[in-house]
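Q: fold the stuff below for me.
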Amino acid sequence: MALTKPTKHGRHDHPVPQKQDAPVPDDLVSDEHEPPEAGKPEEPQELPDEVLHLCMQLHDAGYRAEIRLGQVVVTPPMGRESTYIVDRLSNLLIPLKLANGWRFHHNWGVHIPPYQDLRLPDLMVAPDEVEQLDTMRMRGYCALLVVEVCSPGTYKVDWQEKPLDYARAGVPLYLIVDPVTSPRRVTLMSDPLSDLKPLDYHRQAYRQIVTVEEGEVLELPEPFGIKIETSALFD
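A: This next block holds a predicted model:
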């Protein structure tokens, strides 16, 4: 696996069948989503030291660098609106965090098997003690919740790529806060499939999907066990 130049990525309250169109917004449903790496083998591969070193250097320089299918991808930093949304959500979860000794992570990654891939959620809630792969990545099944806030620069990645990646990692709850569409909405994906492959974009990665529009209530299941007033997440 050769070292590659960093690149930039410029509603349902019922169980979802394992095979169906991805639950993305209508303007993405018709898009062809064929990754340029479609010909890559799906067997686990060792990550070259120089790729991991490049990713670490980018982190040290203040960039949000992820590793996807063995390639370093520089993702856009969160804008002010996204930062505010994460802050508001964090405020709602702080009582549970303090009561349970959980941690909030904003720049610690999730390992995406079978490659040595890395995804950086906008917010990750995890227990104090987790199984980590290295200083940059933890095992996804140790996370309690992973959150992404959509922006124009991350929209397709948050809706099309990351559900599959986080499900493959075993992340139990994936929350997408979407202020880009109108009306604004929040989607919770839960119960990930256990037999997903890196290029299974034709499959629904999570069995349960609940989408609510701004102003409606979203129930966050155990270990949270709370209801979120979604209007509190937006301005």
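Q: got the phi/psi numbers for Glu81?
A: Geometry field for Glu81 lists phi and psi as phi -60, psi -40, criterion degrees, to the nearest 10.
Q: right, and it touches Val177 too?
A: No: with contact taken as C-beta atoms under 8 Å, Glu81 and Val177 are classed as non-touching, separated by 10.2 Å. Placement of C-beta: from N, CA and C, glycine included.
Q: name the residues contacting each of those two.
A: Val149 (C-beta atoms under 8 Å, 6 or more residues apart in numbering).
Q: between the two, who's got more neighbours?
A: Val177 (26 against 14; other C-beta atoms under 10 Å).
Q: state the pLDDT value of the nearest residue to the more buried one once chain neighbours are set aside.
A: When the adjacent residues along the chain are set aside, Val177 lies closest to Val149, with 4.7 Å between them (C-beta to C-beta, 6 or more residues apart in numbering). Per-residue confidence for Val149 comes out at a pLDDT of 97.
Q: number of nearby residues for Val149?
A: 25.
Q: contacts only, for it.
A: By C-beta under 8 Å, 6+ apart, the contact set of Val149 is 78, 81-82, 85-86, 122, 158, 176-179.
Q: how about Leu118?
A: The neighbourhood of Leu118, defined by C-beta under 8 Å, 6+ apart, consists of 55, 65-67, 109-112, 136-137.
Q: go again using 10 Å as the cut-off
A: Contact criterion C-beta atoms under 10 Å, 6 or more residues apart in numbering gives 47, 51-52, 55, 59, 65-68, 72-73, 108-112, 133-134, 136-137, 165 as the residues in contact with Leu118.
Q: now the buried members of these.
A: Judged by neighbour count, with 16 or more other C-beta atoms under 10 Å as the criterion, the buried members of these are 47, 51-52, 55, 59, 65-68, 72-73, 108-112, 136-137, 165.
Q: these in strands, which ones?
A: Within the buried ones among the contacts of Leu118, membership in strands is found for 65-68, 72-73, 109-112, 137, as judged by DSSP state E.
Q: and which of these is nearest Leu93?
A: Checking those against Leu93 by C-beta to C-beta gives Val110 as the nearest, at 18.0 Å.
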